[in-house]
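S.K.: Starting from these lines, generate the structure:
(one chain, ligands or ions: 2)
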Amino acid sequence: MRDGAFSVMILLFAGLAVPSTAQKNPVDAEGHAWWQHAVFYEIYPRSFADSNNDGIGDIPGITSKLDYLRWLGVDAIWIAPMFPSPQVDWGYDVSDYYNVNPDYGTLKDMDELFAQGKQRNIRVLLDFVLTYTSDQNKWFQEAKSSRTNPKRDWFIWHDGKSATEPPNNWTSLFGGSAWKYDSATTQWYYHYFYPPQPNFNWRNPEVEKNLFDVTRWWYKRGVAGFRLDAVDVMFVDLQLRDNPVVGTEKNAFGDPVEREIYDKNQPELHGVLQRLRRVADEYSAVLIGETWTSDIDQLKRYYGEHNDEVNMPMDFMFTTVDKLSPADFRKQIDWIDGSGEWPVYVLSNHDIRRVYDRYGDGKHNDQIAKLMASLYLTLRGTAVMYYGEELGMENNDPKRSEDVKDSRGKLGWPKDKGRDGERTPMQWNQEANAGFSAVTPWLPVDDRYKTYNVASEKQDANSILNYYRQLLSMRHTNAALLEGKYVGLNEDDPNVLCYMRSYKGENVLVVLNMSGVARTVNLNLGAKRVTTKSAKTLLSSFGAPGKVDPGKIVVEPFGAWIGETE
Ligand code: NOJ
Ligand code: CA
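M.R.: Ligands and ions are numbered 1, 2, ... in the order given. Prediction:
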């Protein structure tokens, strides 16, 4: 018997991981790979921890906090772009894919982070900005130098309708035309985002080769995967047809509202993702997708027909639920869970306002933070957390236009204040600047930091932080939470979201009261052929008794109760 086959048998007998045939990634008895049971944690590097006290978070700062992340129960971090960048879009304008922004550290610091992460079993993923680049990137500088430069076609250049009129009506997400005129070569280049972010022309095979090489280089260095930025706008219509304009209203930037059928979701992007996945598989790496979609079919496509595209396309439709509505959440869960794919849940990130603000009622915000944590961390699927959510950090939006750092907020003020509010410094302790830095940080720390910080919350058994920690620990050890199928319960209840995770006769029950009134819930388990008169409390946000009757569970306002059948 070959050695490989022998070790597979040993693993099978031990009921442990067996290597998948398709790739080097081992899978468990249910066919799940490591990332399916992992908790991911997004770090905005500029705001996480400042090791050299210049007011800016950095890579050694992240490394110094790995023990905290391990303590919390995080398995993998995704770091928003830390590459050299003119910072027009805070790193999402990469001027060199093979280096580190000096504000954040050096390649040596990255190596140290990978090594320290490995020691603690925390994988490190980077952000791959593949749809566009910075206008300061040498590739674009070359392309811009003349119409005949060999790299010209790496970008999307076109003649205008006239010298003053762009090639078509497409608008940039951040306002104005999506085309910028280059007077030296008298052509326009395309940028879906800010003008200094020219889009790549992915129809050019050289672009694919060069960008795929970027991923290889980082995989060899130790990254465990990438979060793929803005993949929906990788390709545009070859004929550059105008988008239809919807109505007469203008958006926050004063532009017409368009139906983006020609500058988004072009079918070719899936071919690129499949090939990019093949490269990732060679290194047992995992791809997370920034996959904004408007329906479940679109989202399904990102997984690939044969599960051969993005491993983890994030379900942003889930983040569009803007109120505590069991019916709305049920609908979203049913879509993704019923799709047959492995769901990837996110509640907030560096582009999406914090949970505390989106769902808080001003009176029960701590309870609501625990309620929402109980939701996305007990569903079937992988969860991607955002730094500070575990503390109950809230948005700290700029008060004056002159304080705004996000270009989107500068352009959209006052209608759109930008995203600074959800990017403020991590709150480590009660000291000055929340222990983030000895000097004034690049964005202001939230005033509430004296209560909401890691050190203080660690001491408080009822804190949001300790609640998160218990949830994460449960999700790593409870078989039903790891492997169980999702079963909706009481699906007509307008106030309380209830479901069960079932695996081999074990049932974890989740009861989430989304109303401001105490509720008594009958889970009607008989209807699901579960006959039990007693359930054991595993975790609750309001001090529930150790044992409850699943026919009569009392849940406090905005309370969360998690238990298991006995
Ligand atoms: C997606 C990123 O998440 C966002 O922060 C950025 O502004 C856009 N890409 C454009 O660069
Ligand atoms: Ca620093």
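S.K.: Let's see the pLDDT reported for the closest residue to ligand 1 within the stretch 251-400 of the chain.
M.R.: Across the stretch 251-400 of the chain, the shortest distance to ligand 1 (CB to the nearest ligand atom) belongs to Asp351, at 4.8 Å. Just so you know, the C-beta spots here come from the backbone N, C-alpha and C atoms, and that holds for glycine as well. Asp351 carries a pLDDT value of 98.
S.K.: That one and Met314: what is the separation?
M.R.: According to CB to CB, to the nearest Å, Asp351 and Met314 sit 11 Å apart.
S.K.: Can you give me every residue that contacts Glu206?
M.R.: Glu206 makes contact with 151, 154 under the criterion CB atoms under 8 Å, 6 or more residues apart in numbering.
S.K.: so what pLDDT did it get?
M.R.: At Glu206, the model reports a pLDDT of 98.
S.K.: Where does it fall, secondary structure wise?
M.R.: Applying DSSP states H and E as the criterion places Glu206 in helix 205-221.
S.K.: what comes up buried for that helix?
M.R.: Buried residues in helix 205-221, counted by 16 or more other CB atoms under 10 Å: 207-208, 211-212, 214-215, 218-219.
S.K.: How much space separates the residue of the stretch 101-250 of the chain found nearest ligand 1 from Ile352?
M.R.: Closest to ligand 1 within the stretch 101-250 of the chain is Phe193: 4.0 Å, counting by CB to the nearest ligand atom. Between Phe193 and Ile352 the distance is 17 Å, computed by CB to CB.
S.K.: Likewise for Ala455?
M.R.: Between Ala455 and Ile352 the computed distance is 27 Å (CB to CB).
S.K.: Which positions in the protein make contact with ligand 1?
M.R.: 89, 92, 193, 197, 229-230, 290, 350-351 (CB under 6 Å from any ligand atom).
S.K.: how about the CA coordinates for the helix holding Glu206, as CSV?
M.R.: The C-alpha coordinates for helix 205-221 follow below in CSV (Å, rounded to 0.1, in the frame of the first residue of the first chain):
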residue,chain,number,x,y,z
PRO,A,205,-3.8,37.9,-21.2
GLU,A,206,-0.7,39.7,-20.0
VAL,A,207,-2.8,41.3,-17.3
GLU,A,208,-4.0,37.9,-16.1
LYS,A,209,-0.5,36.5,-16.1
ASN,A,210,1.0,39.4,-14.2
LEU,A,211,-1.7,39.5,-11.6
PHE,A,212,-1.9,35.8,-11.1
ASP,A,213,1.9,35.9,-10.5
VAL,A,214,1.3,38.4,-7.7
THR,A,215,-0.8,35.8,-5.9
ARG,A,216,1.8,33.1,-6.4
TRP,A,217,4.5,35.3,-5.0
TRP,A,218,2.5,36.0,-1.8
TYR,A,219,1.4,32.3,-1.4
LYS,A,220,5.0,31.3,-1.5
ARG,A,221,5.7,33.9,1.2
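S.K.: Could you list the low-pLDDT ranges of the stretch 451-566 of the chain?
M.R.: By pLDDT under 70, the stretch 451-566 of the chain has no low-scoring segment.
S.K.: mind listing the strands in it by residue range?
M.R.: Taking DSSP state E, counting those that start in this stretch, the strands of the stretch 451-566 of the chain run over residues 485-489, 496-503, 506-513, 519-521, 535-540, 547-548, 553-555, 560-565.
S.K.: could I get those as CSV with mean neighbour count and distance to ligand 2?
M.R.: Output for the strands of the stretch 451-566 of the chain, formatted as CSV (neighbours: other CB atoms under 10 Å; distance: least, CB to the ion, whole Å):
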stretch, mean neighbour count, distance to ligand 2
strand 485-489, 17, 42
strand 496-503, 23, 42
strand 506-513, 25, 39
strand 519-521, 17, 48
strand 535-540, 19, 37
strand 547-548, 17, 49
strand 553-555, 23, 44
strand 560-565, 24, 37
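S.K.: What distance do you get for the closest residue to ligand 1 within the stretch 51-200 of the chain to Met314?
M.R.: Distance from ligand 1 to each residue of the stretch 51-200 of the chain (CB to the nearest ligand atom) is smallest for Tyr92, at 3.3 Å. Look at Tyr92 and Met314: by CB to CB, they are 16 Å apart.
S.K.: Let's have the strands of the stretch 451-566 of the chain in TSV, adding distance to Gln274.
M.R.: Below are the strands of the stretch 451-566 of the chain laid out as TSV (distance: least, CB to CB, whole Å):
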stretch	distance to Gln274
strand 485-489	28
strand 496-503	32
strand 506-513	36
strand 519-521	45
strand 535-540	40
strand 547-548	48
strand 553-555	45
strand 560-565	38
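S.K.: wait, which of those is closest to Thr378?
M.R.: With respect to Thr378, and counting by CB to CB, the nearest of the strands of the stretch 451-566 of the chain is strand 506-513 at 5.0 Å.
S.K.: Show me what the mean pLDDT comes to for stretch 357-364.
M.R.: 96.
S.K.: in that stretch, what's buried?
M.R.: Neighbour counts using 16+ other CB under 10 Å place 357-360, 364 of stretch 357-364 among the buried residues.
S.K.: ditto for stretch 259-271
M.R.: Buried residues in stretch 259-271, defined by neighbour count with 16+ other CB under 10 Å: 260, 262-266, 269-270.
S.K.: cool, stretch 92-109 as well?
M.R.: By neighbour count on 16+ other CB under 10 Å, the buried set for stretch 92-109 is 92-97, 100-101, 103-105, 109.
S.K.: quick revisit: out of the buried residues of stretch 357-364, the closest to ligand 2 would be?
M.R.: Distance to ligand 2, by CB to the ion, is smallest for Asp357 among the buried residues of stretch 357-364, at 27.1 Å.
S.K.: residues contacting that closest one?
M.R.: Contacts of Asp357 were listed using CB under 8 Å, 6+ apart, and they are 394-395, 421.
S.K.: secondary structure class for it?
M.R.: Put simply, Asp357 is helix when judged by DSSP: H, G, I helix; E, B strand; the rest coil.
S.K.: ok, now how distant is it from Ser515?
M.R.: On the measure of CB to CB, Asp357 and Ser515 end up 19 Å apart.
S.K.: Show the backbone phi and psi for the residue lying closest to Trp157 once chain neighbours are set aside.
M.R.: In this structure, Trp157 finds its nearest non-sequential neighbour in Gln187, 4.7 Å apart by CB to CB, 6 or more residues apart in numbering. Dihedral pair for Gln187: phi -130, psi 170, per degrees, to the nearest 10.
S.K.: Secondary structure element holding Ile288?
M.R.: strand 286-289.
S.K.: Which secondary structure elements does that strand sit against?
M.R.: Helices and strands in packing contact with strand 286-289 are listed as strand 225-228, helix 269-282, strand 312-313; criterion 3 or more CB pairs under 8 Å, 6 or more residues apart in numbering; DSSP states H and E.
S.K.: Point out the most buried one among the ones you listed.
M.R.: When you average the neighbours per residue for each of those (mean count of other CB atoms under 10 Å), strand 312-313 leads with a mean of 28.
S.K.: ok so, going back, which one's more surrounded, Phe193 and Ile352?
M.R.: Neighbours per residue, other CB atoms under 10 Å: of Phe193 and Ile352, the larger number sits with Phe193, 24 against 16.
S.K.: unless I'm mixing things up, that one is touching Trp90, no?
M.R.: No. Here Phe193 lies out of contact with Trp90, judged by CB atoms under 8 Å, at a distance of 11.8 Å.
S.K.: Point out where the stretch 301-450 of the chain drops to low pLDDT.
M.R.: In the stretch 301-450 of the chain (pLDDT under 70), no residue qualifies.
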